[in-house]
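Visitor: Test case, fold it:
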Amino acid sequence: MFAVLKRDTTDLVVQKATELGVSALLPVFTERTNAGRVNLDRLQAIAIEAAEQSERLTVPTLHPARPLHEGLAGWPADRPLFVALERGEARKPAVSSGPAGLLVGPEGGFGPRDHAVLENCRFVHPVSLGPRILRAETAAIVGLALLQAPRWG
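Guide: As a prediction, this is how the structure comes out:
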């Protein structure tokens, strides 16, 4: 799950997330989202190309963009959703024994209303991606790599 970014950066998130093996892509609109719409056909083409390039046999499911609260309402309650937070006392992400998700916010981070929505979700686990403030597209790549790292060892 990721906040919709400007066109080129959204394209990059879809491409790299596909290469890193995600099973689904869920774009969401947050309080600070700077983009107004998502071209699903374009993103599907990018995901297909990235899957071919990385020799994946599957292409991630691409869900229509919707407001953050709707995306969270549809999230399975028993599946952890690690939320990359740029400030605070969050820990680095830990690998779960089953399926899990990663939520990366928009440029400028999550707004106060977003934080309020996230705090009410029991499946949300705030995580830190390190000591630096990362660009949103970089955070998506780093977060996915960190979630997968123990599986490679």
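
Visitor: isn't residue 137 right next to residue 9, touching?
Guide: Yes: between residue 137 and residue 9 there is a contact at 4.5 Å, judged by Cβ atoms under 8 Å. Backbone N, C-alpha and C define where each C-beta goes, glycine included.

Visitor: Counting by contacts, list what the helix or strand of the chain with the lowest mean pLDDT packs against.
Guide: Ranking every helix and strand in the chain by mean pLDDT, DSSP states H and E puts helix 136-152 at the bottom, with a mean of 84. Under the contact criterion of 3 or more Cβ pairs under 8 Å, 6 or more residues apart in numbering; DSSP states H and E, helix 136-152 touches strand 2-3, helix 7-19, strand 81-84, strand 101-103.

Visitor: so of the ones you listed, which one's packed in deepest?
Guide: Ranked by mean neighbour count, the helices and strands packed on helix 136-152 are led by strand 2-3 with a mean of 29 (mean count of other Cβ atoms under 10 Å).

Visitor: So which elements touch that strand?
Guide: Under the contact criterion of 3+ Cβ pairs under 8 Å, 6+ apart, strand 2-3 touches helix 7-19, strand 27-29, helix 136-152.

Visitor: Now tabulate these in JSON lines and tack on distance to residue 38.
Guide: Shown next, in JSON lines, are the helices and strands packed on strand 2-3 (distance: least, Cβ to Cβ, whole Å):
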{"stretch": "helix 7-19", "distance to residue 38": "7"}
{"stretch": "strand 27-29", "distance to residue 38": "5"}
{"stretch": "helix 136-152", "distance to residue 38": "15"}
